[in-house]
Each structure stands twice: as C-alpha cells, then as structure tokens.
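Student: Let's see this in three dimensions:
(one chain, ligands or ions: 2)
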Amino acid sequence: MKTFGFAAQAATAPLAPFSFERRDLRPNDVAMEVLYCGVCHTDLHQVRNDWGWSQYPLVPGHEIIGRVTAVGTAVTHYKVGDHVGVGCMVDSCQECDQCRKGLEQLCRKGNIQTYNDTERFSCDPVARTYGGYSKHLVVREEFALRVPDGLDLSKAAPLLCAGITTYSPLRTFNAGPGSRVGVVGLGGLGHMAVKLAAAMGADVTVISRSKNKEADALALGADRLLVSTDAAAMAAAADGFDLIIDTVPVKHDINPYLPLLDVDSTLVLVGQIGPLAEPSTVPLLLGRRRIAGSPIGGIAETQEMLNFCAKMNVLPDVEMIRMDQINEAFERLDRADVRYRFVIDMASLPATQAA
Ligand code: NAP
Ligand code: ZN
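Tutor: Ligands and ions are numbered 1, 2, ... in the order given. Reported below is the predicted structural model:
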C-alpha cells in the first residue's frame, strides 16, 4: 500500500515529506487512516539519534489515533469505521512468559517498536517500521487498542504513550487514596502523571525547577508545587512521598529527590534513557528507599488505561498543530515550551505534499 508522511533523512535534517509503502494486509492485520498523532519527546530523541540506534529515513510517531479502513480475513475484534489507537509497540514474540502475562513491553525477545525498528517476528522479508507521522498504518490486531466511546479523538492520542507510561507505574506502585505521589518534570508525561494520579485519588505534588508552572500544576489537579531548587522547601518535604515519578528527559541528578521518599518508597525513572549523575546510596540504605525504572505498559493495561480515562474524563492538554509545523514544535519541545502535548492533525497532510 502506498502512503506518505514526514520523515527525517539524517540526525541533523529537519522532517520533510516522504513517500513509502506499508505492507499488504495479512489475515490478522488492521489498516487505518491516521487521524491524529501526538508528539512525544522520544520522537525528538530518535530523530536526533540521541540513543545511537536511529536509522534513516525515520518516520516518528507512536501516539496514534486512527479510523479502520480495512481488516484482514482473520480479524475478529475490529471492523471498518472503528476508532483505534496504536502506541509504542506493534509486535512481540507472543510466546514468552512476559507476553503470556500480557506484559508485551517486557517481551524476552524485545518488543517491536512502532518506528525505527525492524519487524522480526512475522514479516518475511524483515521490514523497517515507520510511525504515525503518516497518512496510513497497518498493524496486527493484537496491537490495536479500542478507543472507548465518548473519548475525544482529537485529544486521545497522547494517552497511547504519555498516558500508559505514567499509568503503569502509578498502578504498579499502588497510587490511590491516601498515597503521596510526586511528579518530577511537568511536560507531556508529567502532566499525564498528575492528571492520572489525581483521578486515582492520590495526593499529588509537582516537583519542578521553578515556580513558573505552579498555577498550571494546580489546574491540572496537583495539590501543590514544590520547587526543587528551594533547599528549605525540599528539606521540609523530606520523607513525605510514597512514590516519585521522574520524567526528566536528559541526564540529571536524582540525589535531591531521594530524601523526599518515605521508608520503603520508590523513585521510578521513566524519562532519561541512559546515564544519570551518580546517585548516592546513603539515602537508599538508611531509608530502605528504592530506585526503579518502567517502560510504557502492556496492551491489556493500555486498554484498561483508555477505559479509565474515558470513565474519569482524563484527557491531556493538547496544542493542535499542522504536519508542516513539526520542526517548530520540536524546537519548542526542546525548550520545554509546550502546554502540554503537541498533537498533529493528520488532515493537514494532503497527498500533494508527498515527495
Ligand atoms: P517533555 O514534554 O519535553 O517534558 C519533560 C519535562 O522535564 C519538561 O517539561 C521539564 O519540566 C523537565 N525538564 C526538561 N529538561 C530538564 C532538565 N534539563 N532538567 C530537569 N528537568 C527538565 O518530554 P516528555 O514527552 O514528557 O518525555 C519525557 C521523557 O520520557 C523523554 O526522555 C522520553 O524519551 C521519555 N519517555 C519514556 C517512556 C518510557 O517508556 N519510559 C515513554 C515515553 C517517553 P519542568 O519545566 O517542570 O522542570
Ligand atoms: Zn512516547
């Protein structure tokens, strides 16, 4: 199937129109027209090859909302016209212990990422994956999510990554009524962590570099904002958290956050993939505190999150952009100048733009 989108041709090149092919429908595939695609900080990392494994051309996008246009002969869960979501994975081995538990993100053979990856399991010959900054997408039905009725399609896309990446550790570490949750970094992931934790009934504190985002934090559902550069306020907050979710996208120093944890409590890293400034073990040993990490979530948990968001009316704060505004959006994302997620309206990608 011929399609088109926007791709980076090199780490230093701006995104530009790109034509390419999607595979023909296999029996268990769903084809969709992409309606909306969120802009995750991961897209920026991948385009710039921050992690060293980018291959070009690279079509980013893993917060995808689409309308089903065709289904394979063996598809049972979806029909033409249904609204579906696709997140960060499009396949996994489906056989290992983790996949069988519904934890495809932890597949022993490695899940297949929606873009900048290679279809290894069920594609012959193996093929590169291209993401949602494109007009059409084909995915096996097990990796398509049902968008619940009533969820605003124009806002739902960021739930497929920012939503599940914060929902999963909130659930794993039992956020709920009576628990004290801190969120470091108020960006795309951070603002979803605040909304989700508040909807779960937790007491929520945004931990930010400045007081600038205080009014936003409160409006998003946080109970307060703690300024991480205010030593007196940080000292007064010691031992005050059951869970801290750290969404900072770069190498940084977590030492100021560790004393904020109560005994047996956990700081979960979901932002930086790579080195950190060296953490001291002193607050870990003396307070029996923990540092953990968490990647996205499984397919069943992602569906649970979408249903939760529909029920509780949790949606991201979105700034809608046209596809041709993506390079400017990347620059603003780099400066933490987004409130709080860019979403591309794919109707802005006319066929005439295809190169
Ligand atoms: P984002 O929208 O750019 O937000 C990041 C926030 O972190 C900023 O708004 C800012 O908040 C804070 N920040 C930025 N630079 C900082 C610095 N130098 N020091 C301290 N704080 C800083 O990014 P995002 O889309 O939420 O993504 C965050 C990270 O999560 C990215 O690295 C992305 O690759 C990663 N990610 C991981 C997973 C996963 O599976 N674990 C999934 C998706 C994304 P304040 O202004 O409030 O400080
Ligand atoms: Zn993402």
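Student: contacting residues for the closest residue to ligand 1 within the chain?
Tutor: As assessed by C-beta to the nearest ligand atom, ligand 1 sits closest to residue 187 within the chain, at 1.7 Å. The C-beta positions use only the backbone N, C-alpha and C, and glycine is treated the same way. Residues in contact with residue 187 (C-beta atoms under 8 Å, 6 or more residues apart in numbering) are 41, 247, 249, 336, 338, 340.
Student: ok, now with 7 Å
Tutor: Each residue near residue 187 by C-beta atoms under 7 Å, 6 or more residues apart in numbering is listed here: 41, 247, 336, 338, 340.
Student: Angles on the backbone of the residue of the stretch 151-300 of the chain found nearest ligand 2, please.
Tutor: Proximity to ligand 2, evaluated over the stretch 151-300 of the chain using C-beta to the ion, is greatest for residue 161 at 3.2 Å. Here is the backbone geometry of residue 161 (degrees, to the nearest 10): phi -130, psi -60.
Student: where are the low-confidence patches of this protein?
Tutor: 123-125, 351-355 (pLDDT under 70).
Student: Next to ligand 2 in this structure, residues from it, please.
Tutor: 40, 42, 161 (C-beta under 5 Å from the ion).
Student: Tell me, how many residues neighbour the second one?
Tutor: A count of neighbours around residue 42, defined by other C-beta atoms under 10 Å, yields 26.
Student: Beyond the helix or strand harbouring it, next helix or strand please.
Tutor: Per DSSP states H and E, residue 42 falls inside helix 41-47. Using DSSP H and E, the helix or strand that follows helix 41-47 in sequence is strand 64-71.
Student: and that next one, which strands flank it?
Tutor: strand 29-39 (antiparallel), strand 83-86 (antiparallel) (DSSP bridges).
Student: List the buried residues of it.
Tutor: Across strand 64-71, burial judged by 16 or more other C-beta atoms under 10 Å covers 64-66, 68, 71.
Student: Which stretches in the stretch 151-300 of the chain count as helices?
Tutor: In the stretch 151-300 of the chain, the segments counted as helices under DSSP state H, counting those that start in this stretch are 153-156, 162-172, 188-199, 214-220, 231-236, 282-287, 299-312.
Student: looking at these, which is buried most?
Tutor: Ranked by mean neighbour count under mean count of other C-beta atoms under 10 Å, those are led by helix 188-199, which reaches a mean of 27.
Student: what distance separates that one from the middle of the whole chain?
Tutor: Offset of helix 188-199 from its chain centre (C-alpha atoms, centre = their mean, to the nearest Å): 12 Å.
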